[in-house]
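> 3D, please:
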Amino acid sequence: MDKIKKEQRSDTQKFSHTLCTLCPRACQADRAAGQKGRCHVDDQIRVARAALHMWEEPCLSGRAGSGAVFFSGCALGCIFCQNREIASGKAGLVISEERLSEIFLELQEKGANNINLVTAGHYVPQVIRALDRAKSQGLRIPIVYNSSGYEKAETLRQLEGLIDIYLPDLKYLTSELAAAYSHAPDYPQYAMEAIAEMVRQQPRPEFAPDGLIMQRGVIVRHLLLPGHVREAKKVVGYLHETYGDQIYISMMNQYTPMSEKFADPNLNRRVTKREYERLLDYAAEIGVENGFYQEGATADESFIPAFNYEGVRCKGM
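Just a heads-up that it's a prediction; the model follows:
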């Protein structure tokens, strides 16, 4: 088994020097030569923030915080993206693989419950090498792969044995919505296949002895969009019917309208209390027990951290 894993990771060494097909876009950009892919970045690692983050699910953040590493770029590109400053690749410092592994260890020293790789799919080969290096130097806390869900299962298989907790979105199950909001009509199929691969790798949730902090497992997020309770029910129903208590389902109401106005009027307002209650009532009716929900006016709170390069620069810089 160890030999197979090493051979798989060796393949990633070559992968980063070919035309890029890491994500479902399969844009074939020569990122190693400096060409930017559909993710808006080349193959140089760009990170906008690396710090303790308190706004993840309770079993990830706990009291100490999740060690969130925010990577620049994104292959999906939702029109309502809350992190567009970094998703567009316009923010982020270029760092080496060695520096990335140091960041992981520094977050562990700060008491992080885990290392939270936020939108790292377009850097999978580099992340694998940085994790291998950090683990050889004493990294021992769980690794979280925080994703839009728009992933290729074959790319995720490269991560087997390195990722302890998968944290994907399942944004839509309707191709028309995925096309309208993320320019990705194939999102539902890829996301369902990706989540299936994640659950294959981590089939059961496991927690620390105190029962509070997750050590292994899969948490699937769904952000309720205003005017789309029916779609949200479809997503939650699919996840519960397919996986039952193998996964946790995180139902979020934190959608925040952007300053620009969208052609779809639904996106210009927040989720109502009644809309969210309808989703939570449905989840209870079908028997969802492993789940998370948000309380209060979350859209009024700041879930978007400052992308000010905290924790990214080497000490002393």
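> hmm, Gly77 and Tyr187 touching each other?
No: look at Tyr187 against Gly77 with CB atoms under 8 Å: they stay out of range, at 10.9 Å. Every C-beta, even on glycine, is put in place using the N, C-alpha and C of the backbone.
> give me the more crowded residue out of the two.
Tyr187 (27 against 20; other CB atoms under 10 Å).
> mind checking how far that one is from Glu106?
35 Å (CB to CB, to the nearest Å).
> same check, this time on Arg31
27 Å.
> show me which of the two is the more surrounded one.
Arg31 (23 against 17).
> the residue lying closest to Ser175 once chain neighbours are set aside: what's it in contact with?
In this structure, Ser175 finds its nearest non-sequential neighbour in Pro185, 4.4 Å apart by CB to CB, 6 or more residues apart in numbering. By CB atoms under 8 Å, 6 or more residues apart in numbering, the contact set of Pro185 is Ser175, Glu176, Ala178, Ala179.
> now do Glu241
Glu241 is in contact with Ile286, counting by CB under 8 Å, 6+ apart.
> how close does it get to Lys233?
Per CB to CB, Glu241 is found 12 Å from Lys233.
> again, but for Asn253
Taken as CB to CB, the span from Asn253 to Lys233 is 14 Å.
> with neighbour numbers in mind, choose between the two.
Neighbour comparison, Asn253 and Lys233: the larger count goes to Asn253, with 25 against 19 (by other CB under 10 Å).
> how much space between the more buried one and Val271?
Asn253 sits 5 Å away from Val271, going by CB to CB.
> same question, Ser136
For Ser136, the distance to Val271 equals 45 Å [CB to CB].
> more neighbours, the two?
Neighbour count, other CB under 10 Å: between Ser136 and Val271, Val271 has more, with 24 against 9.
> ok, that one to Ile286 distance?
Taking CB to CB, one finds Val271 at 20 Å from Ile286.
> again with Val127
Distance of Val127 to Ile286, given as CB to CB: 36 Å.
> which positions in stretch 137-156 come out as buried?
For stretch 137-156, the neighbour count (16 or more other CB atoms under 10 Å) marks 139, 141-152, 155-156 as buried.
> restricted to strands, list those residues.
Ile143, Val144, Tyr145, Asn146, Ser147 (DSSP state E).
> between those, which is closest to Cys27?
Using CB to CB, Ser147 is the member of these that lies nearest Cys27, at 18.0 Å.
> for that closest one, which non-adjacent residue is spatially closest?
Pro168 (4.5 Å).
> what sits against the one you found?
With CB under 8 Å, 6+ apart, Pro168 has these contacts: Tyr145, Ser147, Ser148, Gly149, Glu151, Ala191, Ala194, Ile195, Met198, Val218, Val220, Arg221.
> between those, which is closest to Glu160?
So of the contacts of Pro168, ranked by how close each gets to Glu160 (CB to CB), first place is Met198, at 10.1 Å.
> can you pull the contacts of that closest one?
Met198 makes contact with Tyr145, Leu156, Tyr166, Pro168, Val218 under the criterion CB under 8 Å, 6+ apart.
> pLDDT score for it?
Per-residue confidence (pLDDT) for Met198: 98.
> am I right that it is in a strand?
No: counting by DSSP: H, G, I helix; E, B strand; the rest coil, Met198 is not part of a strand but helix.
> report how many residues lie close to Asp58.
Slight slip there: residue 58 is Pro, not Asp. 11.
> wait, Ser72 sits on Gly92?
Yes: at 3.2 Å, Ser72 counts as touching Gly92 under the criterion of CB under 8 Å.
> counting neighbours, go ahead and name the busier of the two.
Counted by other CB under 10 Å, Ser72 and Gly92 do not tie: Ser72 has more neighbours, with 28 against 22.
> dump the residue contacts of the more buried one.
In this structure, Ser72 makes contact with His40, Val41, Arg46, Val47, Ala48, Ile86, Ala87, Gly89, Lys90, Ala91, Gly92, judged by CB under 8 Å, 6+ apart.
> among those, which two are most distant?
His40 and Val47 (14.4 Å).
> more neighbours: which of those two?
Higher neighbour count among His40 and Val47: Val47, with 26 against 18, using other CB under 10 Å.
> what ranges do the helices span in the stretch 101-250 of the chain?
Using DSSP state H, counting those that start in this stretch, the helices found in the stretch 101-250 of the chain span residues 124-136, 153-157, 175-182, 187-201, 229-243.
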